[in-house]
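[1] Requesting a structural model of the entry that follows:
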Amino acid sequence: MNLTDEDSPIDEISRIEARIEELADVAERCRKIILVSKAAIAGGVALLLVLMLGLFGSNQVAAIGSIALVLGGIVSLGSNASTLQQTMAAMSAAEALRSDLISRIDLKVVGDSRL
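    You can find the predicted model right below:
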């Protein structure tokens with residue numbers, strides 16, 4: 001993010017904070033999807049084991065469904081894990097930029113609190 005002459009550091013900090021909030025929302029959504037993906041993988045594996053042990057009968061549709069559940073969970077887990085890593089890296093960069101901009105602001109003491 002580049003500061004132009006008409007942008008004040010405070011406006012830029014506000015934009016960065018809004019971006020950080022957006023990234024935090026994306027990260028939270030990724031975490032929820034990762035949790036659901038792990039549950040799908042566990043459910044698919046459990047169903048496949050039950051089918052293999054013969055406790056549920058021999059149902060080819062259930063077997064294919066459990067395999068699809070496991071594979072879909074793995075794909076979703078991998079995709080959202082990498083998205084989460086990228087989002088966290090972007091958040092760190094934005095927070096570093098925000099800290100840098102805040103340190104550049106010439107803050108002044110408004111008044112003495114002892115008065």
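
[2] Tell me where this structure is predicted with low confidence.
    1-7, 112-115 (pLDDT under 70).

[3] Give me the most central residue, it.
    Geometric centre of the chain, nearest residue: A27, 1.8 Å, by CA atoms, centre = their mean.

[4] Quick check: the gap between that residue and I102.
    Here A27 is placed at a distance of 22 Å from I102 (CB to CB, to the nearest Å). (C-beta placed from N, C-alpha, C; glycine too.)

[5] next one: L77
    L77 sits at a distance of 37 Å from I102 (criterion: CB to CB).

[6] what about those two, which has more around it?
    L77 (18 against 13; other CB atoms under 10 Å).

[7] Contacts only, for that one.
    Taking CB atoms under 8 Å, 6 or more residues apart in numbering as the contact definition, L77 lies against I34, S37, K38, I41.

[8] Just the ones of those residues in helices?
    Judged by DSSP state H, helices contain the following of the contacts of L77: I34, S37, K38, I41.

[9] Next, format the residues you listed as CSV and append neighbour count and distance to G73.
    Compiled in CSV, the ones in helices among the contacts of L77 are given as follows (neighbours: other CB atoms under 10 Å; distance: CB to CB, whole Å):
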residue, neighbour count, distance to G73
I34, 19, 10
S37, 20, 5
K38, 14, 7
I41, 18, 4
